[in-house]
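Trainee: Fold the following.
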Amino acid sequence: MYELEKENLRRFSRYIVQVLRPSYIRVFLTAYLDEESVERILSEEKSSVSSAAQMLLEKMWQLEEAGWFQAFLDTLHNSEYTGLYAAVSKWDFKELEELQPFKRLLDRIEPSITKNMKPRELLAHMSDCITQRECEEIRAVRKTHFGPVSVLMNPAATLRCLKTPAALLCLIHSHQQDQCGCVAASERLVASLRRSDKPWFKILKMALDTCSQKLALQLLELNTGFCVLVLDSLLTETCFQRRLDGKTMQQMLNCVCSGVVAGVSERAEERKLREYQKELAIAAFSGQNTIICAPTGCGKTIVALAICEHHLKKFPGKAKVVFMATKVEVYEQQYKLFIQHFSKDPDVRVTGVCGEMEVCLRTVVESNDVVVLTPQCLVNALQDGELESLQVFTLLLLDECHNTTGKHPYNNIMNRYLDIKLTSTAHTLPQVVGLTASVGISSFKNQQEAEINICQLCANLDARVISTVTTHIDELRSYVHIPEKDFFEVPPRTSDPFIRIMCNIMSNIEELAKKVYNIETLSPIVNRDYGSQKYEQWIVAVQKGCKLLQLDDPEQERRVCRALFNYTEHLRKYNDALIINEDARTKDALDYLQAFIDQVRAAGYDDTERKLTAFFDAQRDQLQHLATEGQENPKLQELKFILEEEYRNNDQTRTVLFVRTRALADALKKWIDETDSLKFLKPGVLIGRGRRSSQLVGSGMTLTSQKGVLDSFKSSDQNKILIATSVADEGIDIPTCNLVLMYEYVGNVVKMVQVRGRGRAAGSRCFLISSRKERIEKEKQNMQREKIVEKAIASLQSSPEKLQAKVDLFQKNDKIKRHYMSLSPEKPRAVGSYKLLCAKCEMFACFSHDLRVLKECHHIVLDRSVFQRCATEPHHNPKSFGGITKTQKMYCKECKHDWGIIASYLSIRDLPIVKIDSFVIQNVETLQKQWYRKWRDVTFAMQEFDLTEITPETWGVRE
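Mentor: Numbering: from 1, shown residues only. Take a look at the predicted model:
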């Protein structure tokens, strides 16, 4: 439905994003988009209107609701977008195209014309091209102090009167003060004209003439005297942007007085590459496949933009560029940069695609020159045949390219690339450019092993050049500051009754579980300490064993499975509480447990859960006493000392505090807020968007929330410290800070380089705080490995033939391995009958022959009796995707285990869509059980969804 309209919206998107301001058609947004999407679009508009308009279009491409396109047209007309309305109605954008030269002219003269207009006088004569709403906004920009007409209205006479540079300097200062009033309003007027969909050029000229604003009119007609333009440029560049010494200012004024003209300054938005950035880009400019390796904060994305722009100019009309970002958060950030960079060039069409969008990538690629996306989108399009091959592109840019290993989507893409290269001589493969802060991947002990790892990465990316800064290293160091590293080893608590009580409760729960079934036989893990990651692994193994448990009595089997599931869930929460207690306060660990117990009670608990909650209730008073009167965590005391000292010495300090888990991020925020000497820091929290999370943190942060936290961190009167999980260590642009704290936060060499690079200010420092000697030793080893990697890179750069030979060898060997794997026959799926049993209580849900597959990924239960065995409640985030709209959540009626969702598709309502990891699969004949994490792993066959099976008789109104 509306495929033609969607295709045309994609085709003409570059015109629409240059005109449309989403907030002006908010009525349409709120009627057809979900609340979160509206919030994201309007938030984005505050920083980039074009980017926000592009986001709106991408959401519109996913709409399926009847009448949305006509509603869009009606809203355009009612919002005074008459030009855009006419263009979209007829799919004729000729008139909008004719406005482009005038908009480019406005771009060139904006710095000059905005200081020589009186917008309030002009507005009365411009109602034919400026909407009433825009007029009101322009008037509201500055209601008072529109400065007097500048003496520069007669520039020739003025210059004759100014005999000396000193006199001209006085004029500049006077002119600067007079102009401050109306510049902001003029800039808002120019912004409105830039996005106008009406023929505004003649109207503006007539308004300027009527209001006797001659200098602005002369600038618009491009026949003004050159001295005026030079002087105006000096006023802008010198007085408002630069701070020059007296001698330089004097020389500049002498040049003007003597009539020497140097030219007009470029727009501030245009980025010029620094010399070290040119050095990083030079190999890519020549068309070579390259890995660009440079520190965090040096501007690798700017280098990527320059490479992209160079490529587009080198292959005009033929270039197809794709820029890939590994995370949705980073995709949003980089997409915005690409939109902003190319917004002044209407001939370059830029768009973006991420996993949340349902679009035809082939159409997107054909309709645009640059596509920013997450790599899985490209993998899916190649697998589904939506894109024939990578040969449709001419340039691949891979951000954070060190991820091109194993089963990562980057490696999937590059395997396809290499298969084409190594099996066919007639190919036109794209250039490949990777960007990373470090190539120190995998494990290595010496330089030789590091070189092997780097060569393997180069082979995966088909790169023959590793580009680093060597010639202009001094310039790089002047812009990028490597923080000073220090370590704080903190002794653990001397004694902790809280740990003893927790361990005692966990031991009691384990004994109860053993009375139901010998849980030791369900997992091979033997040595496991309470409060450790290994204990969590043991719980996962036991729960998987429970799902596959088979007893002679089916009812007993169900009771045992449900009881063991409850026991292990409680053990998991106590284990989590011990981990929180180790790094934060006992109070935070107790709050975490209390939230879980309250949740269990609210859900309606059985006899097993009553026994389990009784363990907690019996110790609650003692635990509460320890939470308020117990020993303070030494690590928190050390962290408090560091923060107090740093902010005492410099109250403008900006800190990023890295932690391992969301629960700990939440706990440390509460601790800072409740500590008198630290609460002035007003901590912000930055976590990922994933679904799995503790009750204390919620279900992750939306992109809008993340942006809000980062914006607050930039503000001097808001958050002075940012508490972040791993979401912040790769790709996301965190504002400059001068203190990086790693709170029990240690990874590999790449992570170390990225985390440390968050301290970008001069004199920055990076501290690791840990009570574990082995973590501190690991970080020191990472520092040594970083030096080994640098030597390995230098060695490979000095011997390109050595790098070439190893890359060729690795590629041939990897091709042989892939070929061997492809020869392994795929096991045919069984046709037999299987039961889907609830993974928690083993209640019967449906048969495998009742399942239908929709769009290769959604698994629908056609048996309407399933509603007798499940409970439903409204979905908290009802979204639409690919014609499917989520309406409700679906749970086991017996144990409230999550089974999936209820959705509508086209005109069909109440379709149960189940997720495979919520069920155990039992063969009806052999009674053998299997549990699968992904639908692709199941061994039984399923039919495709067929609309003809849905009839009033088979799909009546749900009871």
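Trainee: Which of the helices or strands spans V322?
Mentor: strand 321-324 (DSSP states H and E).
Trainee: could you say what helices and strands that strand packs with?
Mentor: helix 300-314, strand 370-373, helix 375-383, strand 395-399 (3 or more Cβ pairs under 8 Å, 6 or more residues apart in numbering; DSSP states H and E). (Each C-beta comes from the backbone N, C-alpha and C, glycine too.)
Trainee: mean pLDDT lowest for which of the ones you listed?
Mentor: Lowest mean pLDDT of the helices and strands packed on strand 321-324: helix 375-383, a mean of 92.
Trainee: And the contacts of that one?
Mentor: With contact meaning Cβ atoms under 8 Å, 6 or more residues apart in numbering, helix 375-383 is reached by 322, 324, 326, 353-355, 357, 361-362, 386-387, 389-390, 398, 408-410, 412-413, 416.
Trainee: Please type out the ChimeraX selection for whichever of those residues turn out to be buried.
Mentor: In ChimeraX, this line selects whichever of these come out buried by 16 or more other Cβ atoms under 10 Å:
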select :322,324,326,353,354,357,361,386,387,390,398,408,409,410,412,413,416
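Trainee: from the contacts of helix 375-383, which ones fall inside helices?
Mentor: Residues of these located in helices (DSSP state H): L361, R362, P409, Y410, N412, I413, R416.
Trainee: where does the stretch 301-450 of the chain have low pLDDT?
Mentor: 356-358 (pLDDT under 70).
Trainee: Would you map the strands across the stretch 551-700 of the chain?
Mentor: Using DSSP state E, counting those that start in this stretch, the strands of the stretch 551-700 of the chain run over residues 655-658, 684-686.
Trainee: what's the following helix or strand after the last one?
Mentor: Later in the chain than strand 684-686, the nearest helix or strand by DSSP H and E is helix 703-714.
Trainee: Return the list of strands paired to the helix or strand following that following helix, each annotated with direction.
Mentor: Reading on from helix 703-714 to the C-terminus, the next helix or strand found by DSSP H and E is strand 721-724. Here strand 721-724 has these sheet partners by DSSP bridges: strand 655-658 (parallel), strand 684-686 (parallel).
Trainee: that older thread, switch the helices and strands packed on strand 321-324 over to CSV; also include distance to T704.
Mentor: CSV is the format used below for the helices and strands packed on strand 321-324 (distance: least, Cβ to Cβ, whole Å):
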stretch, distance to T704
helix 300-314, 22
strand 370-373, 19
helix 375-383, 21
strand 395-399, 22
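Trainee: To I505, which of those lies closest?
Mentor: Closest of these to I505 is helix 375-383, at 42.2 Å (criterion: Cβ to Cβ).
Trainee: about what we covered before: give me whichever of the strands of the stretch 551-700 of the chain is most buried.
Mentor: Sort the strands of the stretch 551-700 of the chain by mean neighbour count, taking mean count of other Cβ atoms under 10 Å, and strand 655-658 sits at the top with a mean of 25.
Trainee: neighbouring contacts of that strand?
Mentor: Contacts for strand 655-658 (Cβ under 8 Å, 6+ apart): 643, 646, 668, 681, 683, 720-726, 728-729, 734, 737-743, 745, 755, 758-759.
Trainee: give me that answer again for 6 Å
Mentor: I721, L722, I723, A724, C737, L739, V740, L741, M742, Y745, V755, R758 (Cβ atoms under 6 Å, 6 or more residues apart in numbering).
Trainee: ok, the residues you listed vs T948, which is closest?
Mentor: For the contacts of strand 655-658, the closest approach to T948 (Cβ to Cβ) belongs to A724, at 52.3 Å.
Trainee: Adding mean pLDDT and distance to Q288, write the strands paired with strand 721-724 out as a markdown table.
Mentor: Shown next, in a markdown table, are those (pLDDT from 0 to 100; distance: least, Cβ to Cβ, whole Å):
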| stretch | mean pLDDT | distance to Q288 |
| --- | --- | --- |
| strand 655-658 | 92 | 36 |
| strand 684-686 | 89 | 37 |
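Trainee: for the stretch 751-900 of the chain, which spans come out with low pLDDT?
Mentor: The model of the stretch 751-900 of the chain has pLDDT under 70 over residues 760-761, 824-830, 881-882.
Trainee: where do the strands sit along it?
Mentor: Ranges of strands in the stretch 751-900 of the chain, per DSSP E, counting those that start in this stretch, are 765-770, 834-838, 844-847, 851-854, 858-861, 870-874, 880-881, 884-892, 898-905.
Trainee: Would you mind measuring from the residue nearest to the spatial centre of the chain to C455?
Mentor: Nearest to the mean C-alpha position of the chain, by Cα atoms, centre = their mean, lies E329 at 0.6 Å. Using Cβ to Cβ, to the nearest Å, E329 is found at 31 Å from C455.
Trainee: Angles on the backbone of G763, please.
Mentor: When read as degrees, to the nearest 10, the backbone of G763 gives phi 80, psi 20.
Trainee: still on that earlier bit, of the strands of the stretch 551-700 of the chain, which is nearest R10?
Mentor: strand 684-686 (33.3 Å).
Trainee: and the closest one, how far out from the chain's middle?
Mentor: How far strand 684-686 lies from its chain's middle: 15 Å, per Cα atoms, centre = their mean, to the nearest Å.
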